[in-house]
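Colleague: model this:
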Amino acid sequence: MTGLAQPDPSKKIKDCVVDLTRVLALFPLLPLMPIVLSKAAALLPEIKHIFRTPDPRPPVMISYGFAAGILVPFAIFALTVIFLLLANLPRTFMGMMKFAGFLTCLSAMMLTIVAYWFSKILLFPTLGILGALLIPAMVIGKLYLDDRSKASHQE
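Modeller: Sure thing, here's the model as predicted:
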């Protein structure tokens with residue numbers, strides 16, 4: 001390189017100091033173009049922004065109470081479903097695999113909704129993930145329910 005001092009590789013560089021006159025000498029300056037403003041742009045008034053105050057939020061305890069009011073019935077429903085499912089578990093290996101696959105898909109869908117609820121992901125990626133999880137949940141759920149209906153007809 002022309003005009004730039006080569007660093008000594010045996011010394012550690014603590015500060016980086018650049019001489020701008022040498023750097024600018026390496027690059028030719030482009031001719032400066034005059035900026036022409038139209039008359040319409042010159043006559044426009046200056047824009048003044050008025051920011052509104054943010055909407056008032058409820059106290060934290062009301063938000064927690066609302067969340068608990070939604071989550072408690074859901075937890076009761078989930079525990080009821082789990083206890084009913086545990087009472088009627090499939091007795092074959094393939095039935096158990098279909099049951100586990102179906103519950104895995106449903107759990108992944110629920111986690112996706114919870115992640116969206118806590119704003120970890122946006123709406124359209126959430127819908128894409130839910131759509132991708134819906135297909136195996138439907139297929140595995142149909143196979144599982146077919147096995148359940150065959151087992152109930154045999155008894």
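Colleague: Excluding chain neighbours, what is closest to A115?
Modeller: In space, and not counting its chain neighbours, A115 is closest to I121: 5.4 Å by CB to CB, 6 or more residues apart in numbering. Placement of C-beta: from N, CA and C, glycine included.
Colleague: do S63 as well
Modeller: Of all residues not flanking S63 in the chain, R57 sits nearest, at 7.8 Å (CB to CB, 6+ apart).
Colleague: can you count the residues close to the residue nearest to A115?
Modeller: As a burial measure, I121 scores 14 neighbours (other CB atoms under 10 Å).
Colleague: ok, now F102?
Modeller: The burial count for F102: 20, using other CB under 10 Å.
Colleague: elements contacting the helix or strand where it lies?
Modeller: Using DSSP states H and E, F102 falls within helix 93-117. Applying 3 or more CB pairs under 8 Å, 6 or more residues apart in numbering; DSSP states H and E, one finds that helix 93-117 makes contact with helix 123-154.
Colleague: other SSEs contacting the helix it packs on?
Modeller: helix 93-117.
Colleague: tell me the angle the helix it packs on makes with helix 123-154.
Modeller: 150 degrees (axes from the mean of the first three to the mean of the last three CA atoms, to 10 degrees).
Colleague: and helix 93-117, what's its mean pLDDT?
Modeller: Mean pLDDT, computed over helix 93-117, is 89.
Colleague: Going by neighbour count, list what's buried in that helix.
Modeller: Going by neighbour count (16 or more other CB atoms under 10 Å), the buried part of helix 93-117 is 95, 98-99, 101-103, 105, 108-109, 112, 116.
Colleague: ok, now stretch 134-142?
Modeller: 137, 140-141.
Colleague: and if you look at stretch 78-93?
Modeller: Here stretch 78-93 shows P90 as buried, counting by 16+ other CB under 10 Å.
Colleague: So the residue positioned nearest the centre of the chain: helix, strand or coil?
Modeller: Among the residues of the chain, I121 comes closest to the average C-alpha position under CA atoms, centre = their mean, at 2.0 Å. Classification of I121 by DSSP: H, G, I helix; E, B strand; the rest coil places it in coil.
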